[in-house]
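Asker: with the input below, show me the fold.
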Amino acid sequence: MKHNYKLLLLGLFTVSPFAQSATGVAFIHGTGDQSNALNDYWNQNFVNTIRQGISNPNNYLVVNCDFDQYMWDNAASGCLAGQLTQFIDSKNIDSLTLITHSNGGNVVRWILSNPTWDSRYPAIINAVDQVVAIAPSSGGTPLADAVNQGSVFETTLGWLLGYGSDAVKQQQVSWMNYYNSTWLNGTQGRPSLNTTFEAVVGSDVDSAIWDGDSYCAGYQYQVALETTQNWLDDCSDGFLECSSQSAAGTVWFTDKQRTRGSEPLSHQQSRRDCFNLHTIIRDHI
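Answerer: Modelled structure (predicted):
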């Protein structure tokens, strides 16, 4: 009996060094069909700074998928599941942080909420420890309604939303209300997600021509987003109202609470290295 017990202990000590977790971080873009999201959606300093927050900064993935499709489409959540699965398997990741922006948070919530939809989902769900959802469109946006109704917003917001894509239709307010009450978890009255889903909320847009901060991530985008703010409520990042960004999970912080100089983060700036957002996230993960 004692001999068997010693063998058992020997087995445990032999195996345990290999049971240590491997951390990883994946960056998941918002609406759009991306082939080079590192440079076209995020930027390199943003990504390279944040990945320094994990134990092995080389364990990172920048996702490139077609998020012009509905979140459940194979080109959207199917593509994301494929890239995450390959990353998890190749790096032996069992502690994964997801950094999402905008509609990317919806695609991630689809996977986290529907484990039986795709055989790859359960392993992904088990590996994910944390989602940092930057400006998530959890509650949709009235601007998606406007684009789909063919209003003037279509020409103003083409760079941000695309033109009449399925993903834009999906982000209409009434549509997201339906998905949040049926298919998606993490909103009020629904089952909670099995991991933390922490929202970073953008609350305003600055486009003063004399203010250097207005030029971070492109002055022309701040001008456009400040224009669209006129059709949103008093708290918005120019694309999403704060209530939409706060609809799922928990609010980690609202921009001015932590950014350098208490600067607001427009929907464009929140995916770039503006006002120390990248270092705030690095230090958090």
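Asker: for the closest residue to Gln188 other than its chain neighbours, give me its contacts.
Answerer: In space, Gln188 comes closest to Ala247 once its chain neighbours are excluded; the distance is 7.7 Å by C-beta to C-beta, 6 or more residues apart in numbering. Where you see a C-beta, it was placed from the backbone N, CA and C, and this is true even at glycine. By C-beta atoms under 8 Å, 6 or more residues apart in numbering, the contact set of Ala247 is Pro136, Ser138, Gly139, Asn180, Thr187, Gln188.
Asker: likewise for Ser174?
Answerer: Listed by C-beta under 8 Å, 6+ apart, the contact set of Ser174 reads Gly140, Asp145.
Asker: sorry, back to before: just the buried subset of the contacts of Ala247, please.
Answerer: Among these, those classed as buried by 16 or more other C-beta atoms under 10 Å are Pro136, Ser138, Gly139, Asn180, Thr187.
Asker: so the fourth one sits against Pro136, correct?
Answerer: Yep, that's Asn180 we're talking about. No: look at Asn180 against Pro136 with C-beta atoms under 8 Å: they stay out of range, at 11.7 Å.
Asker: where do the contact lists of those two overlap?
Answerer: Contact with both Asn180 and Pro136 is made by residues Ala247, Ala248, according to C-beta under 8 Å, 6+ apart.
Asker: in the stretch 151-285 of the chain, which spans are strands?
Answerer: In the stretch 151-285 of the chain, the strands defined using DSSP state E, counting those that start in this stretch lie at 196-201, 250-254.
Asker: return the most buried member of these.
Answerer: Comparing these by mean neighbour count (mean count of other C-beta atoms under 10 Å), strand 196-201 ranks first with a mean of 23.
Asker: that one pairs with which strands, and in what direction?
Answerer: Neighbouring strands of strand 196-201 in its sheet, by DSSP bridges, are strand 128-134 (parallel), strand 250-254 (parallel).
Asker: average pLDDT for it?
Answerer: For strand 196-201, mean pLDDT is 98.
Asker: center of the protein - which residue?
Answerer: Thr100 (1.4 Å; C-alpha atoms, centre = their mean).
Asker: apart from its chain neighbours, what residue comes closest to that one?
Answerer: Closest residue in space to Thr100, ignoring its immediate chain neighbours: Ile28 at 4.5 Å, by C-beta to C-beta, 6+ apart.
Asker: now swap in Asp283 and tell me
Answerer: In space, and not counting its chain neighbours, Asp283 is closest to Gly53: 6.5 Å by C-beta to C-beta, 6+ apart.
Asker: number of nearby residues for the one you found?
Answerer: 17 (other C-beta atoms under 10 Å).
Asker: sorry, back to before: which of the buried ones among the contacts of Ala247 lies closest to Ala199?
Answerer: Nearest to Ala199 out of these is Pro136 (C-beta to C-beta; 5.6 Å).
Asker: wait, Gln268 touches Gln220, no?
Answerer: No: using C-beta under 8 Å, Gln268 is not in contact with Gln220, being 9.4 Å away.
Asker: ok, those two, which is more surrounded?
Answerer: Under the criterion of other C-beta under 10 Å, the comparison of Gln268 against Gln220 puts Gln268 first, with 24 against 12.
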